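Engineer: kindly return the folded structure for what I paste below:
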Amino acid sequence: MLDTVAQSPDVDALMNDIGRKAKAAARPLAFASTDAKNRALNAMADAILANKDRILAENAKDLADVSGTDMLASFIDRLTLNDGRVIDMAEGIRAIAALPDPVGEMIAAWDRPNGLKIERVRTPLGVIGVIFESRPNVTADAGALCLKAGNAVILRCGSDSRRSSQAIHDCLVEGLKVAGLPEHAIQLVPVADRAAVGAMLRGLDGAIDVIVPRGGKSLVARVQNEARVPVFAHLEGLCHIYIDASADLAMARDIIVNAKMRRTGVCGAVETILVDSSLAEVDLLPLLDALSGAGCEVRGSAAVLNVAPSATPATEEDWSTEYLDAIVSVAIVDGISGAIAHIQKYSSNHTEAVIAEDAAVVARFFNELDSAILLHNASTQFADGGEFGMGAEIGIATGKMHARGPVGVEQLTSFNYRVHGTGQTRR
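Structural biologist: Below is the predicted model of the structure:
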């Protein structure tokens, strides 16, 4: 949560200084060698493992601060670190180090009739601002991804994760120093004042090239409304699963329980399940029982309640709610057409899945829906950059410009055109 604390008159000066340092660091990063970046990343992973006990101790203090508050269980889950999550954090950084360096990659090349040779080549974006809540692991993911893509990054965590994030950030700076890269390449905003967010949204006097928000509705809305620089928007994960008449029902049962209950607080958790009407009479109840048995509250449409009267009646609001909790809404639809109509009406264009064996149904689902991620016969919890082989992600971009879906190293680059001639002049 981005709490307001007593505002310092020096916040703008502090933030502009951070911006200047980031911009200065971005210049050498743009042409830093792959070896130097990878040495820094592996040193960061080593430092995180070496400081695991400190990171967990600082995380325990963050958790103690929010104990007894009205913070949702899903946010507590995102805030919580344990041995496995810290180890995963380090392994994610090593996975990023193992990825091909995107900077300088030739995306396309062609020759013109006049003899000009044109190349499209990946280049860093420059300075990236990341504003996030609750998730201390974003410190590591964002720092590592931005570095690999040759960018400087300014991280602004929520006050709820400030101790954990600082402990992780210290490890990232240690890695930069080991590789001889500028330590201001990855900066963590040291104040909780919301004025710091406002300064970042104004671009820090031209220093920030793009903003990435990771948080709840209010944070993302503020960023989109106030930002004067481009934004990689990560909106709600209002994810849907459609179970077709042709589905393997044992597979469907396993997928929906995993998609909802593996981790309820992640953006890839399913929030609405749509079931073909032909399955309602016989096959729906076992599916709902599997969810209930896993500890999930089922909120059903009127047609669902006819089959499962113990379910909670769904309201209109339920179809557009990202629960981030052990709650799921369920509706009966008329085949793939009904499923598509429902998803088009309520989706946040994040992630949708179809469970079907009918190839024509799958083709319509993929062709007629326009969410960033579409899955066939797989859990929506795979909506994750690490699962896509990207090492990690900064977020899932739900917009349509520049980056879409998991934002990894390639999405954190732009490109330029390099034109080679032999003395050509234009008539």
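Engineer: distance check, Leu172 against Asp141.
Structural biologist: Distance from Leu172 to Asp141, counting by C-beta to C-beta, to the nearest Å: 11 Å. C-beta: built from backbone N, CA, C; applies to glycine.
Engineer: which one of the two has more residues nearby?
Structural biologist: Per other C-beta atoms under 10 Å, whichever of Leu172 and Asp141 has more neighbours is Leu172, with 30 against 27.
Engineer: so which helix or strand takes in the more buried one?
Structural biologist: Using DSSP states H and E, Leu172 falls within helix 162-178.
Engineer: what comes into contact with that helix?
Structural biologist: Helix 162-178 is contacted by residues 39-48, 50-51, 54-55, 58-59, 61-62, 79, 81, 89, 136-137, 139-140, 143-144, 147, 155, 157, 182-183, 185-186, 188, 192 when judged by C-beta atoms under 8 Å, 6 or more residues apart in numbering.
Engineer: which residues of this structure score low on pLDDT?
Structural biologist: For the chain, the stretches with pLDDT under 70 are 1-9, 235.
Engineer: quick one: the helices in it?
Structural biologist: Using DSSP state H, the helices of the chain run over 11-30, 34-50, 52-66, 73-79, 83-98, 137-148, 162-178, 194-201, 217-226, 249-261, 284-293, 302-307, 335-346, 359-368.
Engineer: check the burial of Cys101 by counting its neighbours.
Structural biologist: For residue 101 the amino acid is Asp, not Cys. Using other C-beta under 10 Å, Asp101 has 18 neighbouring residues.
Engineer: just Gly129 next, same as before
Structural biologist: Gly129 - counted by other C-beta under 10 Å - has 31 other residues nearby.
Engineer: show me what contacts it?
Structural biologist: 153-154, 156, 200, 204, 208, 210-212, 229.
Engineer: follow-up on the earlier one: in JSON lines, list the helices of the chain along with distance to Gly408.
Structural biologist: Listed next are the helices of the chain as JSON lines, based on distance: least, C-beta to C-beta, whole Å:
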{"stretch": "helix 11-30", "distance to Gly408": "17"}
{"stretch": "helix 34-50", "distance to Gly408": "14"}
{"stretch": "helix 52-66", "distance to Gly408": "24"}
{"stretch": "helix 73-79", "distance to Gly408": "20"}
{"stretch": "helix 83-98", "distance to Gly408": "8"}
{"stretch": "helix 137-148", "distance to Gly408": "6"}
{"stretch": "helix 162-178", "distance to Gly408": "18"}
{"stretch": "helix 194-201", "distance to Gly408": "22"}
{"stretch": "helix 217-226", "distance to Gly408": "20"}
{"stretch": "helix 249-261", "distance to Gly408": "22"}
{"stretch": "helix 284-293", "distance to Gly408": "32"}
{"stretch": "helix 302-307", "distance to Gly408": "38"}
{"stretch": "helix 335-346", "distance to Gly408": "26"}
{"stretch": "helix 359-368", "distance to Gly408": "22"}
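Engineer: out of those helices, deepest packed?
Structural biologist: The highest mean neighbour count among the helices of the chain, using mean count of other C-beta atoms under 10 Å, belongs to helix 137-148: a mean of 28.
Engineer: mind checking which of the contacts of Gly129 are buried?
Structural biologist: Among the contacts of Gly129, those classed as buried by 16 or more other C-beta atoms under 10 Å are 153-154, 156, 200, 204, 208, 210-212, 229.
Engineer: out of those residues, which comes closest to Val282?
Structural biologist: Closest approach between the buried ones among the contacts of Gly129 and Val282, by C-beta to C-beta: Val212, at 46.3 Å.
Engineer: for the closest one, which residues count as its bridge partners?
Structural biologist: In this entry, Val212 is beta-bridged to Val130, by DSSP bridges.
Engineer: mark which of the contacts of Gly129 are part of strands, please.
Structural biologist: Among those, the ones falling in strands (DSSP state E) are 153-154, 156, 210-212.
Engineer: among these, which two are most distant?
Structural biologist: The widest separation within those (C-beta to C-beta) is 14.0 Å, between Arg156 and Val210.
Engineer: Ile186 contacts Gly143, correct?
Structural biologist: Yes. Between Ile186 and Gly143 there is a contact at 4.3 Å, judged by C-beta atoms under 8 Å.
Engineer: overlap of the contact sets of the two?
Structural biologist: 153, 155, 169, 172.
Engineer: may I ask you to confirm that the first one is in contact with Asp141?
Structural biologist: No. Counting by C-beta under 8 Å, no contact exists between Val153 and Asp141, whose distance comes to 10.6 Å.
Engineer: so what sits against both of these two?
Structural biologist: With C-beta under 8 Å, 6+ apart, Val153 and Asp141 have no common neighbours.
Engineer: list the contacts for Asp77?
Structural biologist: By C-beta under 8 Å, 6+ apart, the contact list for Asp77 reads 263-265.
Engineer: is there a quick ChimeraX command that grabs whichever of these are buried?
Structural biologist: Of those, the buried ones can be selected in ChimeraX as follows, counting by 16+ other C-beta under 10 Å:
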select :264,265
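Engineer: among the contacts of Asp77, which one sits closest to Lys217?
Structural biologist: Within those, the smallest distance to Lys217 is 14.5 Å, found for Gly265 (C-beta to C-beta).
Engineer: which residue packs closest to the closest one, ignoring adjacent ones?
Structural biologist: Distance criterion C-beta to C-beta, 6 or more residues apart in numbering; nearest residue to Gly265, sequence neighbours excluded, is Ser74 at 2.9 Å.
Engineer: same check on Lys61?
Structural biologist: Excluding its sequence neighbours, the residue lying closest to Lys61 (C-beta to C-beta, 6+ apart) is Arg163, at 5.1 Å.
Engineer: tell me how far that neighbour lies from Gly143.
Structural biologist: Going from Arg163 to Gly143 by C-beta to C-beta gives 17 Å.
Engineer: how about Ala339?
Structural biologist: Taken as C-beta to C-beta, the span from Ala339 to Gly143 is 40 Å.
Engineer: again with Asp35
Structural biologist: Distance of Asp35 to Gly143, computed by C-beta to C-beta: 19 Å.
Engineer: what's the neighbour count on the residue lying closest to Pro28 once chain neighbours are set aside?
Structural biologist: Distances taken as C-beta to C-beta, 6+ apart place Pro182 nearest to Pro28, at 6.1 Å, with adjacent residues excluded. Pro182 has 18 neighbours, counted by other C-beta under 10 Å.
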